[in-house]
Every structure is written in C-alpha cells, then in structure tokens.
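[1] Show me the folded form of this:
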Amino acid sequence: MKLRNLSFCLCFFLISFAIQAQKEIQKAIQTQFILAEDGSTIELDEGRFEINTTLSLEGKKNITIKGKGIGKTVLDFANQTDGAEGIRLSNLKDVTLQDLSVLNAAGDAVKAMNVKGVKFIRVETAWEGKPKASNGAYGLYPVMCKDVFIQGCIARGASDAGIYVGQSKNIVVKESIAKENVAGIEIENSQNAEVYDNIATGNTGGILVFDLPDLVQKKGGNVKVYENVIEANNYKNFAPKGNIVGKVPPGTGVLILATSDVEVYKNVIKDNRSMGVGVISYYLTENPINDKEYYPYPTNISIRENVFERKSQKATSQGRFGKMYRFVLRFGKDVPFIQWDGITDEDNKDWVLCVEDNTNATFANLDAENNFENVSREMVECER
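    Numbering: from 1, shown residues only. Modelled structure (predicted):
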C-alpha cells in the first residue's frame, strides 16, 4: 500500500512538473516575441510545446523566427484559450518564419497582415485528426501584404484554404504541399503571383484563383500557375456554411473565378472527378453583387501545355456552384477536363479564354448565359 501511494505521489509530481515546465516554455517564447529587437533572430528549440494563446509579433523590422525543422519544433495550440490565431504577424517589414510546425490552432494557424516582405520557409500548418468544419479557416494566411514568399511548406486540414494569399502583391508559392484542405492553394484578389512546383492533392479543390466582391483590394490579376501536380482533389467539402469555398465541388483541380490575366500551363492535372480547370463568372455563385466597383467576369485566361488524366467516372454532386454543376452531372462519365460557363461581358473587348497545346484535353462551353441552350464541346482556340 505504501509503495502504491509512493508511486501515485511520484506520478502526480512528474505531471505537475511537466505542466509547469510547459508554462515556463510558453512564457519564454512569448517573451522573445514581445522583446525582439529589429534585426534579431528568435530561436525555438526542438520539442513539442503546448501553447494556449496567440503568439504575436508587431511593428518590427528584419526578424527571423526559426525552429529546428518541420516535426521537430512543434507549437501545439490544441488547448488554446486566448486569441484568434496561432501566430500573428502584423505591421512588419521583412519577417521570416521557418523550420517549424504549427498545429491545431483555434483559428488561423499563421496570419500575416500588413507585412512588407514576408517569408514562410519549411513551415507546416495542420489540424490533426479527420478534417472538419471546426478546424481553423487558413493554414498560411498572408493578407494585405507585399512581397510574399512561400517555399517548402506543408498545409493540411484547413476548413477554407491551406495556403491562402489574399489582397496582396508580388507573390511566390513554390515547392509546397497542400493536402486535405477545402482549397489547397488559393490566390484571392491578388496581383503578380507565381504558383509553381507545388503538389495539391486530396483537397476539395486543388488550386483556386478568385476575385471576390466587398474587399479592400478589388482586382487581382497577372497570376501564373505552372509546373504543379494537381491530383485527386476529391475530398468532401467540409467548409462551414456560408463560405464561398463551400460551393466548390469535390473533384476540382483548378478553378478560376472572376479574375483576369491568369495563365495555367505545364501542370499535371489528373484524377480530379468534377473538372480539371474551370473558368467561371461570379454569377455562377448565385450570390448577389452589392459592390459597385466589383467586376464579375473572368478575362484573359490562358490554359496551355497541361497534361490531363482522369478515370472514367461521374462528377461529384456536392458543393455545387449554382446551375453549372447541376448541368455538369449530365455529362455522365464523360466529364470535360476544361469547363467554361460561357458568360461574357459584351462591353469588354478583351479576350476571355485561350486553350491550346494541352494533352488529353476535352472542353465544354456550358453557355450558362443562355440557360445552357447551346452547350458546345468544340475546343476553344483563343476565344475572343
């Protein structure tokens, strides 16, 4: 009996010691963030550290936050009780986050806002367990930033987008993996972006390029999506109700919504059940447009030199973008790789779509503008 009591006391002591040690580690990390001086490096040790509050860095210049590697330095926010993000970077100039994992944040995993010169290098964001609507919306989330660089990152389980860049300028997303998110990689209302050498797999939609209304930066464009592997993005849509990505059907490879000057080329786009590449206007969302400055049509879209592959099977029937996807289901197992809703702005003389030099490509103009009366499977060659 005495031995049992001694063992119990020892276990209780060890647990209490471990809890206190975690609190001290969190306090030390917070202190580094708060007291960091311009030009300094915040070094994070190897280990799994429980963090229950947002780690914030604000108003600094030339800061590096550096761990020991993905899966080696792990910040676990599973028991987070304070703050909307795991890590929040705001009003900074030239900040680098690298070589660490950020897990199970209550909201967005890593958010950067109003930062000029932000780099994410070998950063993992993830929510452990089965992906679900209660997961945070975004993994890596730079918004209203300039000079965004993302390399060698991993994003899993986000209920909106794993790697999301919004209302930003001068963007590179390269050599990263996005899996089991609603949207793997999303470029939204952003200008001058290159997305290349990435793998987007197992998401609801692989890569999205959107312009949406009611945002500060109205018009995105000059986006290049090239040399990516966009494969088997057939995961069920688990976005919370009301999110625009909640309308994306499982089985979407690339979706271009109401934006301009987008090039999709030299990608491998395979085994996405509903479409390889979709090009649609905002009208297909069936949402009202109240923003008078918003332009709802896609223009100047180039789809070329891609390799398409797909098993013969029906498109999915979930998360549909209005009438378009109800109509796509009528194709049965012969689902076109490239789909355009056919809605154009008669007052805009810019060309809409150029499709050329793809491998195994099939095409459909759904003629949604005329209630799908004249659906055409004839391949578009630089439609103007």
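[2] Okay, now the unreliable bits of this protein?
    Counting by pLDDT under 70, the ranges of the chain that qualify are 1-23, 317-329, 380-384.
[3] the helices in it, which residues?
    2-35, 323-328 (DSSP state H).
[4] Val173 contacts Ile150, correct?
    Yes. The pair Val173 / Ile150 is scored as a contact, 4.6 Å apart, by Cβ atoms under 8 Å. The C-beta positions use only the backbone N, C-alpha and C, and glycine is treated the same way.
[5] In terms of neighbours, single out the busier of the two.
    Higher neighbour count among Val173 and Ile150: Val173, with 28 against 24, using other Cβ atoms under 10 Å.
[6] Quick check: bridge partners of the more buried one?
    Following DSSP bridges, Val173 is listed with bridge partners Ile150, Val195.
[7] Next: Val115.
    According to DSSP bridges, beta-bridge pairing links Val115 with Leu92.
[8] quick one: it from Lys60, how far?
    From Val115 across to Lys60, the span is 10 Å (Cβ to Cβ, to the nearest Å).
[9] and for the two, which residues touch both?
    Residues touching both Val115 and Lys60 comprise 92-93, 95, with contact defined as Cβ atoms under 8 Å, 6 or more residues apart in numbering.
[10] which of the residues you listed has the most neighbours?
    Of all the shared contacts of Val115 and Lys60, Val95 has the most neighbours under the rule other Cβ under 10 Å, reaching 23 neighbours.
[11] Tell me which residues touch it, please.
    Counting by Cβ under 8 Å, 6+ apart, Val95 touches 57, 60, 62-65, 89, 112, 115, 117-119.
[12] didn't Asp211 look like it was pressed against Glu188?
    Yes. Judged on Cβ under 8 Å, Asp211 makes contact with Glu188 at a distance of 7.3 Å.
[13] Tell me how many other residues surround Arg310.
    Neighbour tally, Arg310, other Cβ under 10 Å: 22.
[14] separation between it and Pro240?
    29 Å.
[15] returning to that earlier point: could you dump the contacts of Val95 into CSV and include neighbour count?
    CSV is the format used below for the contacts of Val95 (neighbours: other Cβ atoms under 10 Å):
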residue, neighbour count
Leu57, 22
Lys60, 19
Asn62, 15
Ile63, 21
Thr64, 17
Ile65, 25
Leu89, 27
Ala112, 27
Val115, 24
Gly117, 17
Val118, 26
Lys119, 20
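[16] Just the closest of those to Val102, please.
    In terms of Cβ to Cβ, no member of these lies closer to Val102 than Ile65, at 10.8 Å.
[17] if I read this right, the closest one contacts Leu97, doesn't it?
    Yes. Counting by Cβ under 8 Å, Ile65 touches Leu97, with 4.9 Å between them.
[18] Give me the common contacts of the two.
    Ile87.
[19] Tell me which residues touch Asn374, please.
    Asp367.
[20] Now for Asn203: which residues touch it?
    Shown in contact with Asn203 (Cβ under 8 Å, 6+ apart): 162, 178-184, 233, 235.
[21] Arg377: which of the residues you listed is nearest?
    The shortest approach to Arg377 among the contacts of Asn203 belongs to Asn233, at 23.3 Å (Cβ to Cβ).
[22] Run a quick neighbour tally on the closest one.
    Residues near Asn233, counting by other Cβ under 10 Å, number 32.
[23] Would you mind confirming that it is in contact with Gly202?
    Yes. Contact criterion Cβ under 8 Å: Asn233 and Gly202 qualify, at 6.7 Å.
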